[in-house]
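Engineer: Sequence first, then the predicted structure, then my questions.
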Amino acid sequence: MTDSLPDDHARDDEAREEAFVDAVIRAGDALGSPPSPDYRIDGYRAAADEVEDDFVQATLNEDTFVELAVHHSDDDHTYMVFFDGSATWDIPGTSAYRALHITRDVAARTFTFAASVHPTVPFAQNWLIQRGCPANQIDVTNPDGPRPADADTSRLEQQLRTSGTRYRIIDTYTHDPVPGHDGGQTWILTQDQDPVAHAAPYRLFVEETTLTSHQYTLREGAFTTVEEARRWLNDPTTPLPPAPPSPANATARRAPQQGTPLALPPRPVAPPRPPHRR
């Protein structure tokens, strides 16, 4: 009987993995194929051959794009944020959010565009805001995605959206949901270039999504060096070091932050899982 235990455990693990895969497939079937993005370029042509080639490349996997936020301006600009499902099959750790800015020349009936890949939605929104999108016009409107779990998450997202070039991204990693875990995790290691952050300029943002509750949290940690932040990622046995509160004069230089006081203490950030995605 004892000799058969490893085989029994292997069969149990295999059954759990098969059940997980079946659940993912059923969820995908229930959602159906996402609608094709409306880039609003019907009747337009690319301004140059290289623009057309680059646009085809940037939208090659559009059948896996899930539109999260979009703004069509009155002056012929389109700003879009997508979740790119094809990132799951890319190099492990690949960021899964795409931002797209299309500019139309009505007189010439041509268009140009710029695209960028980001680890989380607020960084994608930030990039579009820097390119001229009104900050209050690029909120997430897709009702099917997870929602912020608490006010701390909403406050940090607003801070990142409207921070301009304050945070320089050093490294990121995205862990997709895997069998045996309830969700995914993305961490973003940045350098806070605001002078008020000189004591601990390296900021680690950790976003965790919980599938069962359909929610996510975002937390910020502060470190004095990049090496210190990486040591925490490799061995997160201590709490994520909290970022010190910003002085009043530093807060005034940023856009107003939204959010309401928490009814409960924020949940702790769970340790990063091993670097695999499938």
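Structural biologist: Yep, it's here.
Engineer: now the strands: where do they sit in the stretch 1-150 of the chain?
Structural biologist: Secondary structure of the stretch 1-150 of the chain by DSSP state E, counting those that start in this stretch: the strands cover 45-46, 65-72, 77-84, 97-105, 110-118, 147-148.
Engineer: Return the most buried member of those.
Structural biologist: Highest mean neighbour count among the strands of the stretch 1-150 of the chain (mean count of other C-beta atoms under 10 Å): strand 77-84, with a mean of 22. C-betas here are computed from N, CA, C, even on glycine.
Engineer: Quickly run through the sheet partners of that one, with directions.
Structural biologist: strand 65-72 (antiparallel), strand 97-105 (antiparallel) (DSSP bridges).
Engineer: Could you double-check that Thr217 sits in contact with Arg147?
Structural biologist: No. Here Thr217 does not reach Arg147: they are 10.9 Å apart, not a contact under C-beta atoms under 8 Å.
Engineer: that older thread, mind checking which of the strands paired with strand 77-84 is nearest Gly43?
Structural biologist: The minimum distance between Gly43 and the strands paired with strand 77-84 falls on strand 97-105, with 9.7 Å, by C-beta to C-beta.
Engineer: right, and Ala197 touches Arg203 too?
Structural biologist: Yes. With contact defined as C-beta under 8 Å, Ala197 and Arg203 form a contacting pair (7.4 Å).
Engineer: Common neighbours of those two, please.
Structural biologist: Residues touching both Ala197 and Arg203 by C-beta atoms under 8 Å, 6 or more residues apart in numbering: Ala222.
Engineer: Quick check: which ranges of this structure have low pLDDT?
Structural biologist: Scanning the chain for pLDDT under 70 picks out the ranges 1-34, 179-181, 246-278.
Engineer: Now for the most centrally placed residue in it: which residues touch it?
Structural biologist: Central residue of the chain (C-alpha atoms, centre = their mean): Thr120, 1.4 Å from the mean position. With contacts defined as C-beta under 8 Å, 6+ apart, Thr120 is in contact with Tyr97, Leu160, Thr186, Ile188, Phe205, Glu207, Leu218.
Engineer: Looking at these, which is nearest Ile169?
Structural biologist: Ile188 (6.2 Å).
Engineer: burial count for that closest one?
Structural biologist: Residues near Ile188, counting by other C-beta atoms under 10 Å, number 25.
Engineer: picking up where we left off before, got a markdown table for the strands of the stretch 1-150 of the chain, with distance to Pro244 too?
Structural biologist: Listed next are those as a markdown table, based on distance: least, C-beta to C-beta, whole Å:
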| stretch | distance to Pro244 |
| --- | --- |
| strand 45-46 | 48 |
| strand 65-72 | 31 |
| strand 77-84 | 31 |
| strand 97-105 | 29 |
| strand 110-118 | 26 |
| strand 147-148 | 23 |
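Engineer: Looking at these, which is nearest to Thr237?
Structural biologist: Set against Thr237 and scored by C-beta to C-beta, those come closest in strand 147-148, at 27.0 Å.
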